[in-house]
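Visitor: sharing a model prediction with you, sequence too.
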Amino acid sequence: MGVSRPLAALAASFVYSFLVFHAAGCGTDAVGVDECRDIEEARCEAAQFCGIVDDVDQCKRFYRDQCLHGLAKGEQPGAPQVKSCVSSIQAAGSCAKNGVTELSSCDPKPSDKTALTKVCDVVLNPEKIAECEFLAVPVEVPDAAPDTSTPKDSGSEAATDGATE
């Protein structure tokens, strides 16, 4: 029995350490999971009328899991914003279902503030309408200033210029 007691203590220590370290890594800081699901479900429903999706249930299952990452922007939109976005996508889907392809002919119009012209474009790119613009992730453009950290070797240029003059 002299060996079993230390082995049991070692095993218990290992299990405790394993649980502590792995439990710390299981948390999520995803933002807007439910909002993402609401928007993607509306897109799946509307996409069937645009010929983009054949199996709506499969589309919903896919985005149910994908939305566990939350919204790309990482900010929680308010319920009115999400509701407005979902309504716009649903309106676009309704127009597509009725055979309307032009956004200007759609009634009710999904959005008045967009450069998009086709109803199915709203389904494909909801971030490009005012009601869903919170979905867009701003692109960080690096500074276009010239790199001044490395000085030019002006001595060799001067020697070359002086030799040709």
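Guide: Done, it's in.
Visitor: need the strands for this structure, in chain order.
Guide: With DSSP state E, there are no strands along the chain.
Visitor: what about the helices in the chain?
Guide: Counting by DSSP state H, one finds helices in the chain at the ranges 4-24, 33-47, 56-66, 79-97, 119-124, 154-164.
Visitor: and the ones you listed, which one is worst for confidence?
Guide: Among the helices of the chain, helix 4-24 carries the lowest mean pLDDT, a mean of 45.
Visitor: ok, and the closest non-adjacent residue to Gln48?
Guide: Leaving aside its sequence neighbours, Gln48 sits nearest to Val56 (CB to CB, 6 or more residues apart in numbering; 5.3 Å). From N, CA and C alone the C-beta is placed, and that goes for glycine too.
Visitor: how near is the one you found to Gly93?
Guide: The gap separating Val56 from Gly93 is 11 Å, by CB to CB, to the nearest Å.
Visitor: the more surrounded of the two?
Guide: Between Val56 and Gly93, Gly93 has the larger neighbour count (other CB atoms under 10 Å), namely 24 against 14.
Visitor: pretty sure that one sits against Gly51.
Guide: No. In this structure, Gly93 is not within contact of Gly51 by CB atoms under 8 Å, at 11.9 Å.
Visitor: hmm, back to that, contacting residues for the residue nearest to Gln48?
Guide: 44-45, 47-48 (CB atoms under 8 Å, 6 or more residues apart in numbering).
Visitor: kindly reformat the residues you listed as JSON lines containing distance to Val33.
Guide: Converted to JSON lines, the contacts of Val56 look like this (distance: CB to CB, whole Å):
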{"residue": "Cys44", "distance to Val33": "16"}
{"residue": "Glu45", "distance to Val33": "19"}
{"residue": "Ala47", "distance to Val33": "21"}
{"residue": "Gln48", "distance to Val33": "24"}
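Visitor: got those as a markdown table, with neighbour count and distance to Val123 columns?
Guide: Listed next are those as a markdown table, based on neighbours: other CB atoms under 10 Å; distance: CB to CB, whole Å:
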| residue | neighbour count | distance to Val123 |
| --- | --- | --- |
| Cys44 | 23 | 9 |
| Glu45 | 20 | 9 |
| Ala47 | 22 | 5 |
| Gln48 | 17 | 10 |
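Visitor: quick one: the residue nearest to Gly93 when sequence neighbours are not counted from Ala30, how far?
Guide: Spatial nearest neighbour of Gly93, chain neighbours left out: Ala46 (2.6 Å); criterion: CB to CB, 6+ apart. In this view, Ala46 and Ala30 are 24 Å apart by CB to CB.
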